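Enquirer: next input, structure requested:
(chains A and B)
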Amino acid sequence: MPTVIVDGREIEIGADERLNCIEAARRAGAEIPHYCWHPGLSVVASCRMCLVEVGTRDAETGQTSMIPKLVPACQTPAKDGTVIVTESEKVKDSRARVEEALLIDHPIDCPICDKAGECLLQDYHFEHGQPERRADIHAFTSKKRDMGPTVTLFADRCIMCTRCVRFTREVAGTGELMVNARGSKEEIDVFPGYPLENKLSGNVVDLCPVGALGDKDFLYQQRVWFLKREAGVCGGCSAGCSIQTEHTQDTVYRLKPRENLHVNKWWICDEGRYGWHHLHDPSRLVEAKRRTASSDADSVEWADIVTGLKADLTTSVSGDGRLAVAVSPMLTVEEAWMLCSVAREIDPQALLAVGYVPTQGEDESFPGGFTIRGEKCPNRVGVEHVIAAFDPSVPRWESLLEVVERGECTAAWITAAYPPAGGRPATEVGSWIDEATAARFAKLREQSAGCLIVQDMFDSPLASQANWLLPSAGFAERSGTWINHGQWAQSFERAIRAPSGVWPEGRLLWNMLERRGLYDPNVIRREAAAASPALAALAEDLPSVGLDLRLQQLATS
Amino acid sequence: MKPTDPSVRWIEERPLGLTERLYLPLVVQGLTTTARHLVSKKVTVSFPEERPTIGNPLIYRGVHRLNRDDDGRVKCVACFLCATACPAHCIDIVATESPWPDREKYPESFQIDELRCIFCGMCEEACPVDAVELTSLLDLTGKSREEMIFDKEKLLSVYDMTKDAEPMKSKSLGGTL
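Expert: Predicted coordinates:
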């Protein structure tokens, strides 16, 4: 095993690992500051912040010979016998000089800069810089200009690390950004007439180590130190990107990608990034309603729903009635499991079908290995696994519609919770279900004992027919496990509480199963894992990056 | 810290001296203090008919105000530092892009809940542009809780009301702006 010596500590790295000195030092617990290097981008070694002393130790004699000059750690491969010194006087002095050089032309407008609090320039200056500023303080004039529909550039704050330029060239593959002019006049810019307009554009804001690139969606909204961060999973498409939900006081302010080399690496698409606004849409359903023959849309208490729903369904399926359930691919595995259990408890012959699977175009891949999926729901695979445990034929939404249309069922429970398409306001885009499809539920209403339960986030042609209209939770309000298109399972906790008046599906179903205490997805997950071979890998707590179900499936098959 | 902690130093109470044990000298001492206050100048005032005099308005911590710059615009840049420093969480700011070319953002709304405020003066200290200041207005009353939540207009009007009697502290203290 190759051995690297970091500040006198010897650490071993894998024989076929290709690490640079920053990564090797990190393994030894030494953090080398860096601006321009990013694990997902090519190396330019232009910021000079990661300069360290590097040498080699002769394997035979044990003699160490150091390179006389400081070398950039990002560009220097760590090999067997590489000696890295990260904390010598020479290195510290170099860091302080780099910091000072950067601050000569950097406005000290931290109080109004959105990056303040998570800014590398701030952090590194605090840690490695010198307390005094020797340069003149210029009066602040904002050089702010638009880069595109999502991103604003504050040119005076830029430290020319060129991460954003490399991102658009190497990962997005669109190359809108460039470095304009040279020397002290260098600036990031777009080519005239070609704004920064790709589907991954928001990532340049995360990449920017300072406040030069601002996210228009988040600009001026909140200071980052007020935000609480909860690890979550994006519900925008079946890719299931790992995200970080940043929120405070039950309001989401932004979503950020969370590093997960198995799924999304360091990136998320703009659709996912800005796809949280529907959570705070004023047109969201927040009141549970019950419609009977004698009364029209009375609001009901949740405690009454737990018992009333069961009673209604039982009456409806008594005799030769049948219950049909659409298990939405927006639900977590745990919620789907409980929904199927409740349904089979009420009607052992209940039809359990995969709910409507929204799709939009084809899968779209980018040169950096990132793919936006055309299937716009996060958990179709998980729901299919759950239903397969109850009914191996795994009926689809279409077959449920046919059963309902033929009048072969007396009760239908449709879970939806679909966000508005394209992340736009719900009032602008149409509902997930059109009038014609909703009309296929007509036979159900004609039956005297017919009962239609709709659980959705927004009003729809189907919702207006429902006997029970229950509001459902958004993606940041539920906890559980989602399984992405590639059988990759990720568990997550809720980030914010559902709006007042809304019980997340998990809570309702937990109570309908007459479980004690609060809804605990871990309990359900373990039960599902014990009962279903396909989900057996979920028996243990999942690591934060998730788990590949295929490995377990291979082992058991 | 536990009493058994080695860094705790235990000391004995000083034994009473002769004069203390005699009792009478202490009685005389106490009565002298009472008598001195009977004849000395009064420090209390008949509030509210009579107004107390504020020693130094610069360091007095009364009702807040939001200062205006030379053009009469609100000085605040909506940096949220006062809200961050506030231990009582009584400041609520909504920031937005400013309509002026020389300023990047400004407060769309700025509210201070005067009932929640503990008048510690940390907001004043945190403000990088000396926009929020505490005046020497001390008798703040209201008929409802809502009335005591001061919005931007009200805080600016406090400035207009007090600017002549109490000039901006930053000017007298040699501030940067």
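Enquirer: make it CA atoms for all contacts and neighbour counts henceforth
Expert: Fine.
Enquirer: just the CA trace of stretch A:227-243, in PDB.
Expert: Extracted in PDB, the C-alpha atoms of stretch A:227-243 (Å, rounded to 0.1, in the frame of the first residue of the first chain):
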ATOM      1  CA  LEU A 227     -31.100  28.500   7.900                       C
ATOM      2  CA  LYS A 228     -31.300  25.000   9.200                       C
ATOM      3  CA  ARG A 229     -30.200  22.200   7.000                       C
ATOM      4  CA  GLU A 230     -31.800  18.900   6.600                       C
ATOM      5  CA  ALA A 231     -30.500  16.100   4.400                       C
ATOM      6  CA  GLY A 232     -33.200  15.200   1.900                       C
ATOM      7  CA  VAL A 233     -33.900  13.700  -1.500                       C
ATOM      8  CA  CYS A 234     -35.200  15.600  -4.500                       C
ATOM      9  CA  GLY A 235     -38.700  14.600  -5.600                       C
ATOM     10  CA  GLY A 236     -38.500  16.200  -9.000                       C
ATOM     11  CA  CYS A 237     -37.700  13.200 -11.100                       C
ATOM     12  CA  SER A 238     -36.800   9.500 -10.700                       C
ATOM     13  CA  ALA A 239     -33.000  10.300 -10.500                       C
ATOM     14  CA  GLY A 240     -33.500  10.900  -6.700                       C
ATOM     15  CA  CYS A 241     -30.700  13.400  -6.300                       C
ATOM     16  CA  SER A 242     -29.400  13.900  -2.700                       C
ATOM     17  CA  ILE A 243     -30.200  17.400  -1.600                       C
END
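Enquirer: give me the contact list for stretch A:277-294.
Expert: Outside stretch A:277-294, the residues that touch it by Cα atoms under 8 Å, 6 or more residues apart in numbering or on different chains are A:251, A:296-302, A:419-420, A:423-427, A:456-459, A:466-472, A:474, A:499-502.
Enquirer: over to stretch B:142-149?
Expert: With contact meaning Cα under 8 Å, 6+ apart, stretch B:142-149 is reached by B:111-115, B:141.
Enquirer: so what would you say the end-to-end distance of that stretch is?
Expert: Start-to-end span of stretch B:142-149 (Cα to Cα, to the nearest Å) is 10 Å.
Enquirer: what's the first helix or strand after the strand ranked longest in chain B?
Expert: As assigned by DSSP state E, the longest strand anywhere in chain B is strand B:105-113. Moving toward the C-terminus from strand B:105-113, the next helix or strand (DSSP states H and E) is helix B:122-126.
Enquirer: I'd like the next helix or strand past that next one.
Expert: The first helix or strand that comes after helix B:122-126 along the chain, using DSSP H and E, is strand B:132-134.
Enquirer: for that next one, which strands pair with it and how are they oriented?
Expert: strand B:64-66 (antiparallel) (DSSP bridges).
Enquirer: which stretches of chain A have low pLDDT?
Expert: Within chain A, the ranges that satisfy pLDDT under 70 run A:137-141, A:556-557.
Enquirer: what residues does it have near chain B?
Expert: Residues of chain A lying close to chain B by Cα under 8 Å from any Cα of the partner chain are A:111-112, A:141-142, A:220-221, A:223.
Enquirer: before we move on, the earlier item: neighbouring strands of the longest strand of chain B in the sheet, and parallel or not?
Expert: strand B:91-97 (antiparallel), strand B:149-150 (antiparallel).
Enquirer: buried stuff in it?
Expert: Along strand B:105-113, these residues count as buried under the neighbour rule (16 or more other Cα atoms under 10 Å in any protein chain shown): B:105-107, B:110-113.
Enquirer: which residues touch that strand?
Expert: So strand B:105-113 is contacted by A:112, A:220, B:76-78, B:90-98, B:148-152 (Cα under 8 Å, 6+ apart).
Enquirer: put the buried members of these into a ChimeraX selection.
Expert: The ChimeraX command for the buried members of the contacts of strand B:105-113 (criterion: 16+ other Cα under 10 Å) is given here:
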select /A:112,220 /B:76,77,78,90,91,92,93,94,95,96,97,148,149,150,151,152
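Enquirer: can you list the residues of chain B near chain A?
Expert: Residues of chain B lying near chain A by Cα under 8 Å from any Cα: B:77-81, B:94-97, B:102-105, B:128.
Enquirer: okay, who's weakest in those by pLDDT?
Expert: The lowest pLDDT within these belongs to residue B:102, which sits at 83.
Enquirer: run a quick neighbour tally on that one.
Expert: Residue neighbour count, defined by other Cα atoms under 10 Å in any protein chain shown, stands at 10 for residue B:102.
Enquirer: and it, which of the three is it?
Expert: Under DSSP: H, G, I helix; E, B strand; the rest coil, the three-state class of residue B:102 is coil.
Enquirer: of all residues in chain B, which one is closest to chain A?
Expert: residue B:79 (5.0 Å; Cα to the nearest Cα).
Enquirer: what's the helix or strand for that residue?
Expert: Under the assignment here (DSSP H and E), residue B:79 is part of no helix and no strand.
Enquirer: thought it was touching residue A:114?
Expert: No - contact criterion Cα atoms under 8 Å: residue B:79 and residue A:114 do not qualify, at 9.0 Å.
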